[in-house]
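Chemist: below are the sequence and a predicted model; questions follow.
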Amino acid sequence: MAYDPSNIFAKILRGEIPAYRVYEDERTLAFMDVMPQSDGHTLVVPKSPAENIFDLDPAMAAAVIQSGQKLARAVKHAFNADGVMLVQYNGPAAGQTVFHFHLHVVPRYADQPLRSHGRSMADARLLEEHAQRIRAALQAG
């Protein structure tokens with residue numbers, strides 16, 4: 001399948017649709033997952049078009065991992081998580097539903113199962129509050 005520039009993440013990158021943005025640099029953008037598996041579930045995307053890991057330029061892969069590491073620290077701190085899961089899917093059979101490469105940053109708690117992904121949208125006010133918490137954690141360093 002060829003990269004489709006009309007995918008939702010490409011539209012977010014172009015500013016055509018809104019997102020709860022938490023971090024941006026010259027190569028990546030991070031924003032809240034609107035169907036979170038855990039409070040604080042964040043996505044990191046490269047600013048270049050790539051459908052999956054197989055299409056992603058190695059330098060952009062490194063940039064996504066660097067931003068993912070920064071976001072993982074901030075999310076863990078902002079949500080007092082026991083751990084953080086980084087997940088990335090490639091192709092429909094692997095569970096990929098948006099065909100723009102992305103890294104999930106998901107806070108985890110020892111006694112709390114993940115919510116189902118892709119089932120329901122989170123409340124907009126809650127997503128904005130979570131985004132603010134992550135932005136504050138990033139500023140605090």
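Modeler: Received, thanks. Quick caveat, the model's predicted, so the values are computed rather than measured. Numbering: from 1, shown residues only.

Chemist: quickly find the element holding the residue nearest the centre of the chain.
Modeler: Nearest to the geometric centre of the chain sits residue 43, at 0.3 Å (Cα atoms, centre = their mean). Residue 43 is located in strand 42-46, with elements delineated by DSSP states H and E.

Chemist: list the contacts for residue 22?
Modeler: 30, 31, 32, 42, 71, 74, 131, 134, 135, 138 (Cβ atoms under 8 Å, 6 or more residues apart in numbering). All C-beta atoms are positioned from the backbone trio N, CA, C, and that covers glycine.

Chemist: packing partners of the helix or strand that residue 64 is a member of?
Modeler: Element membership for residue 64 (DSSP H and E) is helix 58-78. On a contact count with 3 or more Cβ pairs under 8 Å, 6 or more residues apart in numbering; DSSP states H and E, helix 58-78 meets strand 21-24, strand 28-32, strand 42-46, strand 83-87, strand 103-108, helix 124-140.

Chemist: just the pLDDT for the nearest residue to residue 95 once chain neighbours are set aside.
Modeler: Excluding the flanking residues, the one nearest residue 95 by Cβ to Cβ, 6 or more residues apart in numbering is residue 89, at 4.4 Å. On the pLDDT scale, residue 89 is placed at 96.

Chemist: next one: residue 113
Modeler: Taking residue 113 on its own, its pLDDT is 85.

Chemist: ok, residue 107 next?
Modeler: The model's pLDDT for residue 107 equals 98.

Chemist: which ones are touching it?
Modeler: 38, 39, 40, 41, 75, 76, 79, 81, 83, 84, 85.
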